[in-house]
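Asker: Structure for the following, please:
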Amino acid sequence: LLLHSFIIRDCRFSTVRIWFTGNRLVMESTDLSSLTIKTAKLLKDYGHQVSVIITELITSLTLSYLQDVKQTVTIILLQQNPAGPWSNPIVVKGADGIDSSLFFDDDGSLWYVGNYISPDCLYEGHHGIYLNELDPETFQFKGPRYIIWDGVKTRSKWIEAPHIYKKDGWYYLLVAEGGTFVNHSVQMARCRTIQGDYEICPRNPIVSHRHMPLLNPISVTGHADIVETQNGEWWMVLLAVRPYEGGHYNLGRETFMIPITWAEDGWPMVDNKTGLVQTEDRLPDLPKTIYPLMPESDNFECDTLQMQWNTIHPPVKQIYSLTDRFGYLRLYTRKEVLNEICLPSFIGRRQRHKVFLAKTAMEFTPANENEEAGIALVQDDRFHYLMVLVQKDGKPFLQAYQTENGTKSLLAETEIKDVKRLYLSVQGNTTDYDFYYGYTDQEMLPLVRALDASLLSSVVNNGCIQVPTISQVLIMLTLTGSTIRENNHCLQLTKL
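Answerer: Got it, this is the predicted structure:
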């Protein structure tokens, strides 16, 4: 998952390299069609939610994170190599809003462009884009702030994600508009001077599927960045979703790419037959690079987890080990549980396909009725499915739970005859999930089937928020317990 997809064009090489950034990930590509992860952590954990990651050129990276409910703090990190390690953060004082980016002009000046919430609040979603010069030594604002796109000018809603480019004597301003759901779009403006007054593209939005049915194979397109390759081709990366029945999507927002061209009037347009983001399109005219594929399974034979694994929050305390027992992932009991905002003992990987099978072998014997371990499908602490081995009346039981809007309910249970090794599986079928268990790796006994997948959809879990969230389902291995004994009671997992 790329929470926000932006590009760094690396000019240090004879062949231009493109670096994509996502949520705490930096990935490298030399052909725009295949990627490899280079960095998994861009900065130290500050205990805050990273809300935006944006990169410009090769020497800087800006992030905005929520310090509290009302305040967003923007920081800049520096590094000659996007693969890291990155510098300590520099806080940009007075930088409000989200989705900021940097622009390096030909005269050596450095500019910060970000979004703001209009104090006039003339309508819902009345936002705008502002520009401020930065001191290249201190990375602090200097000079006046320029409002270069007030949303009221175009009656635009929730303008964000600004980028500035310079081409043929024009400064082009690219923005996302319309919110992050059905009206999401990419829009553009331009001006001969960077401070404005910007002319709005008469063909806006230049990319959007807002006029298409929500159940189009690709929907909710927007939040883009563009790049020119060494062969003179222009490409746009942007975010979109792949919905299923009911307009739901459990894979979060994903990154797509389309070719663009510059028309005779100097405005960009999609360069394919449909003018849309397609499930298939031509590849860039670049030498093909083959990177190793992400492993589909893990035997846990290394002392570090592979890049595709995630925890709910950074593990400030040890919750797992790969060295206590070779070939096993060991999770330690903690009193924290999944339906709390906390650091529970779980390791997971993202659901990347609508149809899938995830399976693991588990060794765990609950010591009391307060300990449980198993496998889970997690949207967040309020919405998830859980299949866990527990102790009930002194006997081992396998139970399936549903947590909906914070309320946990038992769906099914069965007594387990042998807990020495249990095989747990979850199967995704686009619109529903099935939980299975077995006593051998070939056995799949159903515990509960046809669980509604929409419970974990970004559309459902947004609660009362009008714009759906962009999170993605995690397939988790989890362990909880109210007591942690001196021998570090744990579960062993192998070959997921």
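
Asker: Run through the helices of the stretch 201-350 of the chain in chain order.
Answerer: Read by DSSP state H, counting those that start in this stretch, the stretch 201-350 of the chain holds no helices at all.

Asker: would you list every one of the strands in it?
Answerer: Ranges of strands in the stretch 201-350 of the chain, per DSSP state E, counting those that start in this stretch, are 207-208, 219-228, 234-241, 254-262, 268-270, 320-321, 329-332, 345-350.

Asker: Given the second one, what are its sheet partners and their directions?
Answerer: To tie it back to what came earlier, the one meant is strand 219-228. Strand 219-228 has the following sheet partners, assigned by DSSP bridges: strand 234-241 (antiparallel).

Asker: what comes up buried for the partner strand?
Answerer: 234-241 (16 or more other C-beta atoms under 10 Å). C-beta coordinates here come from the backbone N, C-alpha and C atoms, glycine included.

Asker: Between the strands of the stretch 201-350 of the chain, which one is closest to residue 427.
Answerer: Of all the strands of the stretch 201-350 of the chain, strand 345-350 sits nearest to residue 427, with 15.3 Å by C-beta to C-beta.

Asker: sorry, back to before: can you add pLDDT and give the buried residues of strand 234-241 back as JSON lines?
Answerer: Formatted as JSON lines, the buried residues of strand 234-241 follow (pLDDT from 0 to 100):
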{"residue": "234", "pLDDT": "95"}
{"residue": "235", "pLDDT": "95"}
{"residue": "236", "pLDDT": "95"}
{"residue": "237", "pLDDT": "92"}
{"residue": "238", "pLDDT": "93"}
{"residue": "239", "pLDDT": "93"}
{"residue": "240", "pLDDT": "94"}
{"residue": "241", "pLDDT": "94"}
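
Asker: between the strands of the stretch 201-350 of the chain, which one is nearest to residue 307?
Answerer: strand 345-350 (9.9 Å).

Asker: Give the other helices and strands that the closest one contacts.
Answerer: Applying 3 or more C-beta pairs under 8 Å, 6 or more residues apart in numbering; DSSP states H and E, we find strand 345-350 packed against strand 329-332, strand 371-378, strand 474-481.

Asker: Give me the angle between whatever helix or strand comes next after the second one and strand 371-378.
Answerer: Right, the one you point to is strand 371-378. Next helix or strand after strand 371-378 toward the C-terminus (DSSP states H and E): strand 384-392. Interaxial angle of strand 384-392 relative to strand 371-378 (axes from the mean of the first three to the mean of the last three C-alpha atoms, to 10 degrees): 170 degrees.

Asker: Keeping just the C-alphas, turn strand 384-392 into CSV.
Answerer: Extracted in CSV, the C-alpha atoms of strand 384-392 (Å, rounded to 0.1, in the frame of the first residue of the first chain):
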residue,chain,number,x,y,z
HIS,A,384,-12.0,-6.9,12.6
TYR,A,385,-12.5,-10.7,12.5
LEU,A,386,-10.7,-13.0,14.9
MET,A,387,-10.1,-16.8,15.2
VAL,A,388,-8.3,-17.7,18.4
LEU,A,389,-7.5,-20.7,20.6
VAL,A,390,-8.7,-20.2,24.2
GLN,A,391,-9.2,-22.1,27.4
LYS,A,392,-12.9,-22.7,28.3
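
Asker: residues of it that come out buried?
Answerer: Under the neighbour-count rule (16+ other C-beta under 10 Å), strand 384-392 has 384-391 buried.

Asker: shouldn't residue 276 be in contact with residue 209?
Answerer: Yes: counting by C-beta atoms under 8 Å, residue 276 touches residue 209, with 6.4 Å between them.

Asker: list residues touching both of these two?
Answerer: residue 218 (C-beta atoms under 8 Å, 6 or more residues apart in numbering).

Asker: more crowded one of the two?
Answerer: residue 209 (23 against 19; other C-beta atoms under 10 Å).

Asker: Count the neighbours of the residue nearest to that one when sequence neighbours are not counted for me.
Answerer: Closest residue in space to residue 209, ignoring its immediate chain neighbours: residue 221 at 4.7 Å, by C-beta to C-beta, 6 or more residues apart in numbering. By the criterion of other C-beta under 10 Å, residue 221 has 26 neighbours.
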